[in-house]
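Engineer: no FASTA, just this:
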């Protein structure tokens, strides 16, 4: 039995955090024993780790978190530490005698955004890692040359039996999923809805009260509905009612939310950043500097046929089983 310690900054509902919960839930418990440490903010995924029978620890009030994690790893006899989307914790490799693998689900290849802050730190710490995992091929070119060990591209997985298309034709309904922040382009929702009164917009967010959330909710026109705190089951049911999945993010790796929309038979419409152009080959891309009118035009060009073809792409590359198996093979190679 190999003991794997996962280190993540929070257990809120986000793309990387959700993928980690799915990985922990899917691990072969005859071969692997998962432990999870959340260093900062607790959230709804806390319950999923507990239901998955993972040993779970929360360190928000601990002053020296790296030392606490290193002590935990030694005391519990961990075989490997897997740090997820938490670059400041890559330095654990200096403090422990077990291999440290890092997963990165943010885009470090696009100028500005996350790259400006995090790319130099990632490159400086990468030499220490026993392995590097990303869902975005361009990140390998940015980070892997600074490593001595191997890197892997593992795509995020969704439950294809849950996120699935509806049997009937869909109305002019546009789904949007994410935190209500400017980085995710949430400030575009209201002007888009006003520019397209013949369409219904549905924004699904884990935390409708955070950041600019109150402004979006308070000022939303009648054809924009904001729903928060949906489980995977409820989100999947909502996505089946939509024809278009809209992404307005300014920077992304391979966003799991878009894959969920594709699996649900929605035609993806997204800004051409990160790995999105390769991800939505059957969907509609718009320019990084697109106006509201440009984005509205992209939404109107989305087709039911493209949604069906996008479902097939999701089936090929983004199953939960494939994601879990790829990680288990990685663990077997390293420890």
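Structural biologist: Sure, I can see it. All values reported here derive from a predicted model rather than from experimental measurement. Residues are numbered from 1 along each chain as shown.

Engineer: pLDDT below threshold where in this structure?
Structural biologist: Flagging of the chain using pLDDT under 70 yields the residue ranges 146-149, 207-213.

Engineer: residue contacts, residue 306?
Structural biologist: Residue 306 makes contact with 267, 268, 282, 283, 284 under the criterion CB atoms under 8 Å, 6 or more residues apart in numbering. Glycine gets a C-beta too; all of them are placed from N, C-alpha and C.

Engineer: residue 250 versus the residue lying closest to residue 199 once chain neighbours are set aside, what's the distance?
Structural biologist: Take residue 199 and drop its neighbours on the chain: the residue closest to it by CB to CB, 6 or more residues apart in numbering is residue 172, 4.5 Å away. Distance, residue 172 to residue 250, using CB to CB, to the nearest Å: 26 Å.

Engineer: cool, residue 305 as well?
Structural biologist: From residue 305 to residue 250 the distance is 29 Å (CB to CB).

Engineer: between those two, tell me which one has more neighbours.
Structural biologist: Higher neighbour count among residue 305 and residue 250: residue 250, with 17 against 10, using other CB atoms under 10 Å.

Engineer: which residues are in contact with that one?
Structural biologist: Residues near residue 250 by CB under 8 Å, 6+ apart: 113, 182, 183, 184, 185, 271, 273, 288.

Engineer: among those, which lie within strands?
Structural biologist: residue 271 (DSSP state E).

Engineer: pretty sure the residue nearest to residue 199 contacts residue 200?
Structural biologist: Yes: counting by CB atoms under 8 Å, residue 172 does reach residue 200; the two are 6.5 Å apart.

Engineer: who has more neighbours out of the two?
Structural biologist: Neighbours were counted for residue 172 and for residue 200 using other CB under 10 Å; residue 200 has more, 19 against 16.

Engineer: can you tell me how far the nearest residue to the more buried one once chain neighbours are set aside is from residue 314?
Structural biologist: Using CB to CB, 6+ apart and skipping the chain neighbours, the partner closest in space to residue 200 is residue 173 (4.6 Å). From residue 173 across to residue 314, the span is 19 Å (CB to CB).

Engineer: any idea how far the closest residue in space to residue 262 that isn't next to it in sequence is from residue 261?
Structural biologist: Nearest non-adjacent residue to residue 262, counting by CB to CB, 6+ apart: residue 310, 3.9 Å away. Using CB to CB, one obtains 8 Å as the distance from residue 310 to residue 261.

Engineer: shared neighbours of these two, anything?
Structural biologist: Residues touching both residue 310 and residue 261 (CB under 8 Å, 6+ apart) are residue 268.

Engineer: which one of residue 173 and residue 314 has more residues nearby?
Structural biologist: Per other CB under 10 Å, whichever of residue 173 and residue 314 has more neighbours is residue 314, with 25 against 18.

Engineer: chain center to the one helix or strand the more buried one maps to, what's the gap?
Structural biologist: Assigning secondary structure by DSSP states H and E places residue 314 in helix 304-317. Put simply, helix 304-317 sits 19 Å off its chain's centre (CA atoms, centre = their mean, to the nearest Å).

Engineer: right, and the helix or strand after it?
Structural biologist: Taking DSSP H and E, what comes next after helix 304-317 is helix 320-334.

Engineer: chain center to that following helix, what's the gap?
Structural biologist: 18 Å.

Engineer: helices of the stretch 151-300 of the chain, start to end?
Structural biologist: Here the stretch 151-300 of the chain has its helices, by DSSP state H, counting those that start in this stretch, at 189-195, 213-219, 232-239, 256-263, 276-279, 292-300.

Engineer: re earlier: residue 310 and residue 261: who's more crowded?
Structural biologist: Neighbours per residue, other CB under 10 Å: of residue 310 and residue 261, the larger number sits with residue 261, 33 against 27.

Engineer: show me the contacts for the more buried one.
Structural biologist: Counting by CB under 8 Å, 6+ apart, residue 261 has contacts 175, 177, 239, 242, 245, 268, 310.

Engineer: hang on, the earlier thing: residue 122: which of the contacts of residue 306 is nearest?
Structural biologist: residue 268 (27.8 Å; CB to CB).

Engineer: so that closest one makes contact with residue 247?
Structural biologist: Yes: applying CB under 8 Å as the test, residue 268 and residue 247 come out as touching, 7.0 Å apart.
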